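1. got a sequence here, can you model it:
(one chain, ligands or ions: 1)
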Amino acid sequence: MAEPYYATTPIFYVNAAPHIGHAYTTILVDVASRYQRLAGRDVRFLTGTDEHGEKIAKAAEAAGTTPQAYVDEVSAQFRSAWDELGIAYDAFIRTTEPRHQAVVQEVLQRVYDQGDIIYGEYGGLYCVKCERYYTEKELEDGTCPQHGIAPEYRSEANYFFRMETYRPWLREQLETNPDLIRPEGYRNEVLAMLREPIGDLSISRPKARVPWGIPLPWDEEHVTYVWFDALLNYWSDLVSHGLEERYWPAAEHFIAKDILKPHGVFWPTMLKAAGLPLFRHLNVHGYWLVEDRKMSKSVGNVVRPLDLVDRYGNDAFRYFLLRDMRFGLDASFHELGLAERVNADLANDLGNLLARTVGMLGKYRGGVVPAFGPREDADRALQATFAALPDAVLRHVEALHYDEALAAVMAAVSEANRYVSDRAPWELAKEAARAGELDTVLRTCAEALYATSVLLDPVMPERMATLRARLGVPGDVHLDDAAAWDRVPEGTRVEAGEALFPRVDLEALKATMEVGDGADAPAEAVEAPLPHKPEIAIDDFAKVELRVGTITAAEDHPNADRLWVLTVDLGPETRTVVSGIKAHYTAEQLVGTTVIVVANLAPAKLRGVTSQGMILAAEDAEGTLSLAGLDRPLAPGSEVR
Ligand code: MSP
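-> Residues are numbered from 1 along each chain as shown. Okay, the predicted model is just below:
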């Protein structure tokens, strides 16, 4: 029986529609699951929605509806977004489902019966958005590090899970199983949390105050809904299908760093108390920032994944997300970066290999794939590169190095393009005696494309299926097919078609961004940067001769009301400078003033008077002018550098 693999996303709160951050984790787990399926493993992929709690109830109230109607609607929005993003989940769980509630109640009762849940009074700083208490030390400048808002002091009689009891045990688990939380930086963060008492975890709320939750089985006056409810989804889905034995030992949780403590501390201790084994890995990724800032509704920089899918296609969007984030670290989203990535890797490198291959097969072989002819070292070298990739890609993916997995495949695609240039099939085609060699090159290209389509299938399932259809070999694939080098057999008819990944017009995109930036700039946005001129080298700047001058006379221009004809003393020389500053300065203000003169400017006639230089002035946005000068007197003619 195939080895099981069980992957989960966080279950998302239903108080807002999905954004690029939710989409990223879900696409990531989709890709991880698809690679494992491709490698033949028995995969279960779970996602879902987290529907209880105070903030959901408040959101429903704000929307003027009941909590149930509200969560039904938003949960459906998540599902339909995942459908549009091509997410092939096996199960979707909602915490309001009876099958989940039954498991939560059963586990609660068990932990209560063994004495690990106690009743008590607690006061502390609570962030409603995180739905948890914070210690003073965890706060940043007195605010919640996730939401930047001040938590409120709360004091309530609640039930508490005796989490602190399990602290030594959890430390030992992390010491003996260093891979449990990865990458290592997050494991270290959790170890640091465990150096000091973690306290007991409040798991209930009085029903009178917050009715929107699961009733405690031994006390109907209290509901649990916070993390004790949410985290158990990973287990309850399996139990409700009788699949826990099969999949639980293979559990891979994927989350972002915002919910590290609940997953790295609450969850393992809960599992221990419930007598359940630990998950296999907790995989923690960083945050997508938008142009280096945290996404937030109030800043107005929330990126909606479906808008990008409309513009670039789903598969290109998925590819970008995985290629441009290093797992564990934050990444900054910029649409131009996405467009450039699509152009460079997909439209150019991969698109080029496909266009060349199909084009040459059409031109030289009537669109039909030939048998291999005699093979040379170059043909074998390219085959060897691809043959090594299935293992390498799977290793990268299992180590969470998605970016490197994709970079490795794209490096092979570039190698294939170089191979075509080096083998120059257009030259081989000129000599009838080399027809066998030409066959080899054409067939090698077809196999390289097929292999690429398999290796990238989990990331771009729709486009890669289209690619195989173009090669005339549609159908299911297995990771090993990428190394087979015999999957596009002699006689297969290839098909030309539209570009798999249309090239994005970067100039047009930049133009829309300039318009957009002004029009939609949110109130809190940072000021627009200066409109810089093209960068120049120091040598270019050194060509400008600037000198200190003193204005000795200001006369009316014979032909222009707005111009002064200035006499400027440069020490050994006197210059006439025509200057358009009459609206800003009187003759009295100017005479005797020290100015900076561009002394080597080619003379120019301005309305009939020759000007031998220019004086420097600054103007602000309101149109106020100020002459550039010196902060202490220097002799006329001194050079400004
Ligand atoms: N409901 C809880 C999770 C319970 S799991 C037992 C919750 N929900 S959430 O809707 O706030 O989702 C948080 C998760 O969304 C993050 O851990 C991450 O997977 C994803 N992301 C949200 N914003 C993100 C970014 N800006 N960047 C990357 N992922 C982000 O917490």
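
2. helix, strand or coil: sort out the closest residue to Tyr24 other than its chain neighbours for me.
-> Leaving aside its chain neighbours, Tyr24 sits nearest to Leu321 (5.4 Å; criterion: C-beta to C-beta, 6 or more residues apart in numbering). C-beta here means a position set from N, CA and C on the backbone, and glycine is covered the same way. Secondary structure, DSSP: H, G, I helix; E, B strand; the rest coil: Leu321 is helix.

3. is it correct that Leu321 is in contact with Ile27?
-> Yes: if you go by C-beta atoms under 8 Å, Leu321 and Ile27 touch, sitting 5.8 Å apart.

4. sorry, back to before: show me what contacts the residue nearest to Tyr24?
-> Contacts for Leu321 were tallied using C-beta atoms under 8 Å, 6 or more residues apart in numbering; they are 20, 23-24, 27-28.

5. could you pull out the strands in the stretch 151-300 of the chain for me?
-> 152-161, 181-182, 201-202, 205-206, 214-216, 219-224, 251-256, 281-285, 288-290 (DSSP state E, counting those that start in this stretch).

6. what packs against the last one?
-> Spelled out, that is strand 288-290. helix 20-38, strand 331-333 (3 or more C-beta pairs under 8 Å, 6 or more residues apart in numbering; DSSP states H and E).

7. one more: the third one?
-> Using 3+ C-beta pairs under 8 Å, 6+ apart as the contact criterion, the elements in contact with strand 201-202 are strand 152-161.

8. need the residues of the stretch 201-350 of the chain near the ligand, please.
-> Contacts of the stretch 201-350 of the chain with the ligand, taken as C-beta under 6 Å from any ligand atom, map to 230-231, 233, 255-256, 258-259, 287-288, 295.

9. again, only this time at 8 Å
-> The stretch 201-350 of the chain comes close to the ligand at residues 227, 230-231, 233-234, 254-259, 262-263, 267, 285-289, 294-295, 330, as judged by C-beta under 8 Å from any ligand atom.

10. count the neighbours of the closest residue to Arg162 other than its chain neighbours for me.
-> Nearest non-adjacent residue to Arg162, counting by C-beta to C-beta, 6+ apart: Asp116, 4.8 Å away. Residues within reach of Asp116, counting by other C-beta atoms under 10 Å, total 20.

11. for Asp116, give its distance to His100.
-> In this view, Asp116 and His100 are 21 Å apart by C-beta to C-beta, to the nearest Å.

12. which parts of the stretch 1-150 of the chain sit against the ligand?
-> Counting by C-beta under 8 Å from any ligand atom, the residues of the stretch 1-150 of the chain near the ligand are 9-13, 15-16, 19-22, 24-26, 50, 130.

13. closest to the ligand out of these?
-> Closest approach to the ligand among those (C-beta to the nearest ligand atom): Gly21, at 2.2 Å.

14. in the stretch 401-550 of the chain, which spans are strands?
-> With strands called from DSSP E, counting those that start in this stretch, the stretch 401-550 of the chain shows them at 546-556.

15. look at the residue in it positioned nearest to the ligand and report its pLDDT.
-> Nearest residue of the stretch 401-550 of the chain to the ligand, counting by C-beta to the nearest ligand atom: Tyr402, 13.6 Å away. Tyr402 carries a pLDDT value of 98.

16. just give me the neighbour total for it.
-> Counted with other C-beta under 10 Å, residues neighbouring Tyr402 total 25.

17. residues in contact with the residue nearest to it when sequence neighbours are not counted?
-> Nearest-residue entry for Tyr402: Leu322, 4.4 Å, with adjacent residues in sequence omitted and distances by C-beta to C-beta, 6+ apart. By C-beta under 8 Å, 6+ apart, the residues touching Leu322 are 27-28, 31, 402-403, 406, 459.

18. now those residues as a markdown table including distance to Leu500?
-> Below are the contacts of Leu322 laid out as a markdown table (distance: C-beta to C-beta, whole Å):
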| residue | distance to Leu500 |
| --- | --- |
| Ile27 | 19 |
| Leu28 | 23 |
| Val31 | 19 |
| Tyr402 | 21 |
| Asp403 | 21 |
| Leu406 | 16 |
| Val459 | 14 |
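
19. closest to Ser414 out of the residues you listed?
-> For these, the minimum distance to Ser414 (C-beta to C-beta) is 12.6 Å, reached by Leu406.

20. check contacts around that closest one.
-> Contacts of Leu406 (C-beta under 8 Å, 6+ apart): 319, 322-323, 456, 459.

21. and these as CSV, adding pLDDT?
-> As requested, the contacts of Leu406 are exported to CSV (pLDDT from 0 to 100):
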residue, pLDDT
Tyr319, 98
Leu322, 98
Arg323, 97
Leu456, 98
Val459, 98
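
22. residue of the stretch 251-400 of the chain closest to the ligand, please.
-> As assessed by C-beta to the nearest ligand atom, the ligand sits closest to Ala256 within the stretch 251-400 of the chain, at 3.4 Å.

23. ok, and the closest non-adjacent residue to that residue?
-> Among residues not flanking Ala256 along the chain, His285 sits closest, at 5.4 Å (C-beta to C-beta, 6+ apart).

24. can you get me a residue count around the one you found?
-> Neighbours of His285 (other C-beta under 10 Å): 24.

25. I'd guessed it sits against Thr26; true?
-> No: with contact defined as C-beta under 8 Å, His285 does not reach Thr26; the gap is 11.8 Å.

26. tell me the residue furthest from the middle of this structure?
-> Pro558 (63.5 Å; C-alpha atoms, centre = their mean).

27. ok, that residue - contacts?
-> Taking C-beta under 8 Å, 6+ apart, we find Pro558 in contact with 608-609.

28. heads up, I number from 25, so please use that
-> Taking 25 as the first residue, the last one we looked at is Pro582.

29. Trp242 is in contact with Gln129, correct?
-> No: between Gln129 and Trp242 there is no contact under C-beta under 8 Å: 9.6 Å.

30. distance from stretch 190-203 to the middle of the chain?
-> Taking C-alpha atoms, centre = their mean, to the nearest Å, one finds stretch 190-203 lying 31 Å from the centre of the chain it belongs to.

31. what sits up against that stretch?
-> Stretch 190-203 is contacted by residues 204-205, 208, 211, 214-215, 218, 221-222, 289, 292-293, 296-297, 302, 305 when judged by C-beta under 8 Å, 6+ apart.

32. out of the residues you listed, which end up buried?
-> Buried members of these, scored by 16 or more other C-beta atoms under 10 Å, are 204-205, 211, 214-215, 218, 222, 289, 292-293, 296-297, 302, 305.

33. pipe the contacts of Leu430 into CSV and attach distance to Tyr136 per row.
-> Below are these laid out as CSV (distance: C-beta to C-beta, whole Å):
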residue, distance to Tyr136
Tyr343, 48
Leu346, 43
Arg347, 48
Leu480, 50
Val483, 45
